[in-house]
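Colleague: Fold the following and give me the result.
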Amino acid sequence: MKIELAIKFGSNEIIIFRKGFGIIARKSSYVATNKSGSKVYAYGDEAKRICALKSSQYDLHEPIQGIDIINDQLAKKLLNQILNEAIVENDKIEALVAVPCALTEKKLLELKILLHSVGIFKITFVQNSVCVRSNLQIDEQTKLMIVDMGKYIVDMSVLTRYDFVMGRNYLIGGAEMDTALATYINDNYGVEISEDQAENIKNEIASMYTNDMYTTTFKGVTEQGEFREVTMRANEARVAIIGIYEKIFDLIEEVLEDLPKDILAEIRHNGIVFTGGVASIDGLVEYASKRLNMPAKVLENPKDAVILGAGKLLSLSKEDFPYIKL
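Modeller: I've put the predicted structure just below:
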């Protein structure tokens with residue numbers, strides 16, 4: 001008997017889908033070790049928590065950032081931990097692995113070596129956009145642009161069900177928005193906040209609407225080292241992060257300009273599908289449609305669109321979708 005998995009290495013988390021079960025594991029990509037790095041004390045959010053409480057005793061590592069393997073040994077331990085927690089059987093494991101488009105063969109081989117080292121004997125790499133497309137009820141030959149916006153990477157592709165037309169990815173995303181929001185708060189309210197706080201504020205109130213007056217309250221640290229409570233409006237968060245969205249839209253326009261005229265006409269008619277955590281912001285569809293002058297759509301549960309689509313592909317023959325041949 002074999003175990004069939006779909007794996008998504010997100011910007012700062014690893015998600016595993018098992019055929020017949022659904023999502024069986026979701027863990028942030030953190031490892032806590034002693035100062036020498038010789039002993040692991042915790043994984044995932046627990047690693048981050050204990051390092052925040054006792055930073056003098058532990059070091060926090062992120063051995064896998066997206067598909068970049070920063071520390072081979074800790075990456076192997078982290079992935080082993082996730083698999084051992086999620087799977088009790090001792091059977092052969094096959095995995096369909098969702099990755100950004102336009103990856104180098106070197107990076108794919110590094111990832112393949114890591115996956116083999118934790119006991120996954122058969123690996124199929126599939127672009128994120130191919131996974132997303134499996135969620136859509138559209139004609140097989142329809143050309144579509146899919147933009148997956150994550151924490152560190154924006155992944156853009158044009159494809160049909162059977163043909164991957166083009167793909168590019170860019171190092172821009174939610175992390176830059178968090179930095180921009182933290183800078184705005186420091187400049188306008190005189191307090192410092194952490195990246196995690198900025199991300200939480202962004203997720204809670206940020207929107208693309210200029211008249212959004214929803215508020216949130218949080219505490220920051222002044223130059224004097226004192227806590228100060230701040231109440232911030234959603235339209236202020238928009239001011240802080242809109243520049244990053246504008247950069248993404250500029251990149252989309254560059255990709256569109258490079259398409260052959262017949263494909264461009266079809267894409268402009270069919271529109272763009274947005275996925276990823278950064279696509280969750282309120283008002284994105286309306287803003288993007290007007291900004292790009294074409295239809296736009298955000299899938300339900302955009303953050304998990306890739307892994308859920310990858311899970312669907314587990315039930316298909318590889319001849320039914322394009323995959324990366326190494």
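
Colleague: Using neighbour counts, pick out the buried residues of stretch 227-241.
Modeller: Buried residues in stretch 227-241, defined by neighbour count with 16 or more other Cβ atoms under 10 Å: 230, 232, 234, 235, 236, 237, 238, 240, 241. In short, each C-beta sits where N, CA and C put it, glycine included.

Colleague: can you give me the strands in the stretch 151-300 of the chain?
Modeller: Counting by DSSP state E, counting those that start in this stretch, the stretch 151-300 of the chain has strands at residues 154-159, 164-170, 215-221, 227-233, 272-275, 296-298.

Colleague: right, I mislabeled it, should have said the stretch 1-150 of the chain
Modeller: 2-9, 13-18, 22-28, 31-34, 40-43, 58-61, 64-65, 68-69, 92-99, 120-127, 144-149.

Colleague: Neighbouring strands of the fifth one in the sheet, and parallel or not?
Modeller: Based on DSSP bridges, the pairing partners of strand 40-43 within the sheet are strand 31-34 (antiparallel).

Colleague: which residues sit against the partner strand?
Modeller: Residues outside strand 31-34 that contact it (Cβ atoms under 8 Å, 6 or more residues apart in numbering): 39-43, 46-48, 50-51, 57-63, 74, 77-78.

Colleague: ChimeraX command to pick out the buried ones of those residues?
Modeller: A single ChimeraX command is used to select the members of the contacts of strand 31-34 judged buried by 16+ other Cβ under 10 Å:
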select :40,41,42,43,47,48,50,51,58,60,61,62,63,74,77,78
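
Colleague: Out of the strands of the stretch 151-300 of the chain, flag the one nearest residue 209.
Modeller: strand 227-233 (11.1 Å; Cβ to Cβ).

Colleague: how much does the closest one deviate in direction from strand 215-221?
Modeller: Counting by axes from the mean of the first three to the mean of the last three Cα atoms, to 10 degrees, strand 227-233 lies at 150 degrees to strand 215-221.

Colleague: what helices or strands is strand 227-233 leaning on?
Modeller: helix 174-189, helix 195-205, strand 215-221 (3 or more Cβ pairs under 8 Å, 6 or more residues apart in numbering; DSSP states H and E).

Colleague: Can you point out the buried residues in the second one?
Modeller: In this case it means helix 195-205. In helix 195-205, counting by 16+ other Cβ under 10 Å, buried: 197, 198, 199, 201, 202, 205.

Colleague: swap in the shortest one?
Modeller: Taking 16+ other Cβ under 10 Å as the neighbour-count basis, strand 215-221 is seen to contain the buried residues 218, 220.

Colleague: Which elements pack onto that strand?
Modeller: Against strand 215-221 (3+ Cβ pairs under 8 Å, 6+ apart) you get helix 174-189, helix 195-205, strand 227-233.

Colleague: Just to check, residue 154 is in contact with residue 148?
Modeller: Yes. Assessed by Cβ atoms under 8 Å, residue 154 is found in contact with residue 148 at 7.2 Å.

Colleague: quick one: which of the two has more around it?
Modeller: Legend: neighbour count by other Cβ atoms under 10 Å for residue 154 and residue 148, higher for residue 148 (29 against 23).

Colleague: Now do the contacts for residue 108.
Modeller: Shown in contact with residue 108 (Cβ under 8 Å, 6+ apart): 99, 125, 324, 326.

Colleague: okay if I get the helices and strands packed on strand 215-221 as TSV plus distance to residue 272 and mean pLDDT?
Modeller: Conversion of these to TSV gives the following (distance: least, Cβ to Cβ, whole Å; pLDDT from 0 to 100):
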stretch	distance to residue 272	mean pLDDT
helix 174-189	18	96
helix 195-205	22	93
strand 227-233	29	96
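
Colleague: Out of those, the one nearest residue 129 is which?
Modeller: The nearest among these, by Cβ to Cβ, is helix 174-189 at 18.4 Å.

Colleague: Can you mark which positions in the closest one are buried?
Modeller: Neighbour counts over helix 174-189 (16+ other Cβ under 10 Å) mark 174, 175, 176, 177, 178, 180, 181, 182, 184, 185, 189 as buried.

Colleague: got a list of contacts for that helix?
Modeller: So helix 174-189 is contacted by 11, 149-152, 191-195, 197-199, 201-202, 206, 220, 228, 230, 232, 236-237, 239-241, 243-244, 277-278 (Cβ under 8 Å, 6+ apart).

Colleague: from what I can see residue 209 touches residue 235, true?
Modeller: Yes. If you go by Cβ under 8 Å, residue 209 and residue 235 touch, sitting 7.1 Å apart.

Colleague: contacting residues for residue 128?
Modeller: By Cβ under 8 Å, 6+ apart, the neighbours of residue 128 are 8, 98, 99, 100, 101, 146, 148, 155, 157, 275, 306.

Colleague: Go again with 6 Å.
Modeller: The contact partners of residue 128, by Cβ atoms under 6 Å, 6 or more residues apart in numbering, come to 98, 100, 148, 155, 306.
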